[in-house]
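K.L.:
I'll drop the sequence and a predicted model, then ask my questions.
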Amino acid sequence: MKIFRLDDDRQTLVLAVENDRLPYVVYWGASLPLEEDLEAVCAAHAIDVTGGMLDANPDVSLCPEAARTFPGQPGLIVRDMDGTQILPTFRFQDVREDGALSLICTDEKNGLTLTFDFTVDAQTHIIICQTTLDATRPVHLDWLAAPVLPAPQNSDEMIDVSGRWCGEFQLNRTPWSAGIRLRENRTGRTGHEHFPGLLVPAVGATNTQGECYAFHYGWSGGHKMIAEELQDGRRQVQWGNAAHTEMQAGTQFKTAPLYVTYSDTGLNGCAVSFQRHVRDRIVIWPKRDAPRPVHYNCWEAVYFDHQLPVLEDIARRAAALGAERFVLDDGWFGQRDDDTRSLADWTVDPRKYPDGLSPLIHHVHSLGMTFGLWFEPEMINENSDIFRANPHWALGAQDQTMGRQQKALNMALPEVREYLYESIAAILRNTEIDYLKWDHNRVLPFADAEQTRGTYALLDRLRADFPLVEIESCASGGGRIDFGILSRTQRVWLSDSNDASERLRIQHNAALFLPAAVTGSHVGPRVCHTSGRTHDITFRAWVAAQRHMGFEMDPRELDARETQVLMEVTQWWKDNRAWTYDADILRLDSSDAAVIAEQQMARDGDRFVVFAGKTATSAQISPRPLQLAALDPCATYRITLKNRDEVPALSRGTPALKYDNLTLSGTYLMHHGITLPWSFPERMWVVEGIRI
Ligand code: DGJ
């Protein structure tokens, strides 16, 4: 028996190798004492055998092997060049321990090697795992799982994530039962439909308490997840690229990194680990210490109707409201008067911009804002000069079903990547642009891992040559959000929904994985363009102020009160962004189903802000107390209702926060909670707390 142990100060992962078979996890959970007898842990891990079972239970190894009578899904499906399925049986070969742990296993007969890599980030509590398959001759890969981990048996449900356009980050709670919960994304991009994340809470866990395990697969080409309960009750979780997306035979295949963590402070423990890991490890910030600028994006103001005087006027008003970066969206290139044409013709439209973009950029700079520009590099319209010259650059069948009247470019072709690099680099070389919004508005005609690698290569080359330019990942809103794209970008456009009610929920759920610093959130038009709802400016502004704030309405529609509120909330956001940038977002366990609440907690624990958004009228007539989280029980905090000027006339009572600040202990705030005034639905209370 060989035993390997990985630790941070919150969790321990113990791996064992028995009789030189593939390693398997014998323990993953709360930190074990350093002196724990690991031989005993391995011995204690074995489960019994009774009638109707094999004489020994096959291991749930890091890559379960079909040829070892494993009764569930195998971790590797590989074929020879002639199509014959290979049924490997690996033997443990070697270990490397150089900061990371690598376990190497070979199948000599079939000429295959599996390497399992594990790295523990002691600060963020994220364990990064990856599997590599090497072959001595080319083979076809159908499925390769990242290191396969067990899921706990004291859990009665799993939570994974689905969604749609304008409805991203919907949480699905599925009871564990015999068999498989399979999520496979065959759209070729991360997708609204299948965010690659999973939470497995132990029975009774909530946002703020209990045990929870969490997984995220960092790949932008579509993933497959298998959460399987075997007949004996054991559970395995597999993650990898969507099956059959390696079109060519090869001698080496790698999964994307799988990020996992265990928490004993509820779902929030996992969420905070992911948030910190994304912000502090994954994202490469051009200027880490520079404040995140307030954005203005012109899409919902003008769409394709770009007129220089109008845009100049809008820019002037946006700057006066507090914007610090102006992003020129779709419509500036080719003959892009609508979404039927010109994608791939990345030259400035001389009808709209007779002197190029420079006059607008100079104007924006003169207002103290930086300038950002929209691209959709991986796409092409048939009605474009580039398509007419290079129809073979499009991916997929000639008569494929179009998406938004466009096709995807074949990013595996070096000449396509070269063309796109040159087109984008020419604009970045000749104009002062510090930001790209990188869109991707259709699914692929078929899923192909090479497409994703091509996109990554293009992004990596541009980033190497223009390291000060930030990039936003957008795909009809939140269609490409994952740690793979976030290691090449600095912001995600979470959703095309600027409906504050919808956005409140979407960003609350996204916080299970994403920090505020990367999560774009804009104040939309008074009447939302995607839902038709009308929201008061206070609600719209506070919802945007929960994340990386921006505006997207036509500022010419704002009346005096709306302008005033927006300027004040934006100023509040700026005054606080130095600490909210790296605050932890804690989802609160709201006792009122109508209230979505979160607490943004400064890293030093000395201050926080609570956002309590009321999505609908409540079942009961008075607000229920809202319990806070992660405070020092012995400390006292001064609590202020920041926006008490928004208390409506129908609030007739005397809840203390309506009139005064309160000084209360962490124990009181976490166990009883704060009592807020009555409010209308579609309003947000903002409560500030300072440790005194
Ligand atoms: C989809 C994006 O999500 C929008 O924000 C906008 O950029 C449009 N594409 C432009 O075509």
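P.N.:
Perfect, I can see it now.
K.L.:
When you work out contacts or count neighbours from here on, use the C-alpha atoms and nothing else.
P.N.:
Will do.
K.L.:
Tell me if I'm right that Pro291 and Ala578 touch.
P.N.:
Yes: in this structure, Pro291 is within contact of Ala578 by C-alpha atoms under 8 Å, at 6.7 Å.
K.L.:
Those two: who's more crowded?
P.N.:
Per other C-alpha atoms under 10 Å, whichever of Pro291 and Ala578 has more neighbours is Ala578, with 15 against 12.
K.L.:
Wait, a helix at that one?
P.N.:
Yes: looking at Ala578 with DSSP: H, G, I helix; E, B strand; the rest coil, it is inside a helix.
K.L.:
got the contact list for it?
P.N.:
If you count contacts by C-alpha atoms under 8 Å, 6 or more residues apart in numbering, Ala578 has them with Pro291.
K.L.:
Then Leu321?
P.N.:
The contact partners of Leu321, taken as C-alpha under 8 Å, 6+ apart, are Thr563, Leu566, Met567, Thr570.
K.L.:
Next up, identify which helix or strand the last one is on.
P.N.:
The one in question is Thr570. Assessed by DSSP states H and E, Thr570 sits inside helix 560-580.
K.L.:
Nearest to the ligand within the protein, name that residue for me.
P.N.:
Going by C-alpha to the nearest ligand atom, the ligand is nearest to Ser476 of the chain, at 3.5 Å.
K.L.:
wait, isn't that residue in contact with Asp439?
P.N.:
Yes: if you go by C-alpha under 8 Å, Ser476 and Asp439 touch, sitting 7.0 Å apart.
K.L.:
out of the two, which sits in the busier spot?
P.N.:
Neighbours were counted for Ser476 and for Asp439 using other C-alpha under 10 Å; Asp439 has more, 24 against 21.
K.L.:
tell me the SS of the nearest residue to Gly666 once chain neighbours are set aside?
P.N.:
Closest residue to Gly666 apart from its sequence neighbours, by C-alpha to C-alpha, 6 or more residues apart in numbering: Pro633 at 4.1 Å. Assigned with three-state DSSP, Pro633 falls in the coil class.
K.L.:
contacting residues for Pro633?
P.N.:
So Pro633 contacts Ser665, Gly666, Thr667, Tyr668, Met670 (C-alpha under 8 Å, 6+ apart).
K.L.:
Out of these, which is nearest to Ala145?
P.N.:
Ranked by distance to Ala145 (C-alpha to C-alpha), the contacts of Pro633 are led by Met670 at 41.1 Å.
K.L.:
Looks to me like the closest one is in a helix.
P.N.:
Yes: membership of Met670 in a helix is supported by three-state DSSP.
K.L.:
residues contacting it?
P.N.:
For Met670, counting by C-alpha under 8 Å, 6+ apart, the contacting residues are Gln627, Leu628, Ala629, Ala630, Leu631, Pro633.
K.L.:
restrict those residues to those near the ligand?
P.N.:
Applying C-alpha under 6 Å from any ligand atom to the contacts of Met670, one finds that nothing falls near the ligand.
K.L.:
Provide a ChimeraX selection command restricted to the buried entries of the residues you listed.
P.N.:
Buried subset of the contacts of Met670, written as a ChimeraX selection, criterion 16 or more other C-alpha atoms under 10 Å:
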select :627,628,629,630,631
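K.L.:
Would you mind giving the contacts of Met670 as JSON lines with pLDDT added?
P.N.:
Output for the contacts of Met670, formatted as JSON lines (pLDDT from 0 to 100):
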{"residue": "Gln627", "pLDDT": "98"}
{"residue": "Leu628", "pLDDT": "98"}
{"residue": "Ala629", "pLDDT": "98"}
{"residue": "Ala630", "pLDDT": "98"}
{"residue": "Leu631", "pLDDT": "98"}
{"residue": "Pro633", "pLDDT": "98"}
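K.L.:
could you say what helices and strands the following helix or strand past the helix holding Thr570 packs with?
P.N.:
Per DSSP H and E, the first helix or strand lying C-terminal to helix 560-580 is strand 584-587. Counting contacts by 3 or more C-alpha pairs under 8 Å, 6 or more residues apart in numbering; DSSP states H and E, strand 584-587 packs against helix 266-277, strand 595-601.
K.L.:
Using a markdown table, lay out these together with mean pLDDT, distance to the ligand and mean neighbour count.
P.N.:
Shown next, in a markdown table, are the helices and strands packed on strand 584-587 (pLDDT from 0 to 100; distance: least, C-alpha to the nearest ligand atom, whole Å; neighbours: other C-alpha atoms under 10 Å):
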| stretch | mean pLDDT | distance to the ligand | mean neighbour count |
| --- | --- | --- | --- |
| helix 266-277 | 98 | 23 | 25 |
| strand 595-601 | 98 | 25 | 24 |
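K.L.:
Surely Leu514 and Val278 touch.
P.N.:
Yes: counting by C-alpha under 8 Å, Leu514 does reach Val278; the two are 6.9 Å apart.
K.L.:
so who does the nearest residue to Leu459 once chain neighbours are set aside touch?
P.N.:
Sequence neighbours aside, Arg488 is the residue nearest to Leu459 in space, at 6.7 Å (criterion: C-alpha to C-alpha, 6+ apart). By C-alpha under 8 Å, 6+ apart, the contact set of Arg488 is Val283, Ile284, Tyr456, Leu459, Asp460, Arg463, Ile471.
K.L.:
Distance check, the fifth one against Arg417.
P.N.:
This means Asp460. Asp460 sits at a distance of 11 Å from Arg417 (criterion: C-alpha to C-alpha, to the nearest Å).
K.L.:
Of those two, give the one with the bigger neighbour count.
P.N.:
Arg417 (22 against 16).
K.L.:
Pretty sure the more buried one sits in a helix.
P.N.:
Yes: under three-state DSSP, Arg417 falls within a helix.
K.L.:
follow-up on the earlier one: so for Leu514 and Val278, which residue has more residues nearby?
P.N.:
Higher neighbour count among Leu514 and Val278: Leu514, with 26 against 23, using other C-alpha under 10 Å.
K.L.:
Spatially nearest residue to the more buried one, not counting backbone neighbours?
P.N.:
Counting by C-alpha to C-alpha, 6+ apart, the residue nearest Leu514 is Gln275, at 4.9 Å.
K.L.:
Number of residues surrounding Gly99?
P.N.:
Gly99, neighbours per other C-alpha under 10 Å, totals 9.
K.L.:
Could you do the one 3 residues further on as well?
P.N.:
Neighbouring residues of Ser102 were enumerated by other C-alpha under 10 Å; the total is 19.
K.L.:
Turn the helices and strands packed on strand 584-587 into JSON lines, including distance to Leu114.
P.N.:
Shown next, in JSON lines, are the helices and strands packed on strand 584-587 (distance: least, C-alpha to C-alpha, whole Å):
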{"stretch": "helix 266-277", "distance to Leu114": "27"}
{"stretch": "strand 595-601", "distance to Leu114": "42"}
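K.L.:
between those, which one is nearest to Pro196?
P.N.:
Nearest to Pro196, of all the helices and strands packed on strand 584-587, is helix 266-277, at 13.0 Å by C-alpha to C-alpha.
K.L.:
Relative to the whole chain's centre, how far out is the helix or strand where Asp117 lies?
P.N.:
Per DSSP H and E: Asp117 is located in strand 112-121. A distance of 24 Å separates the centroid of the chain from that of strand 112-121, by C-alpha atoms, centre = their mean, to the nearest Å.
K.L.:
And for stretch 660-676?
P.N.:
For stretch 660-676, the separation from the chain centroid amounts to 32 Å (computed by C-alpha atoms, centre = their mean).
K.L.:
Next: stretch 540-556.
P.N.:
20 Å.
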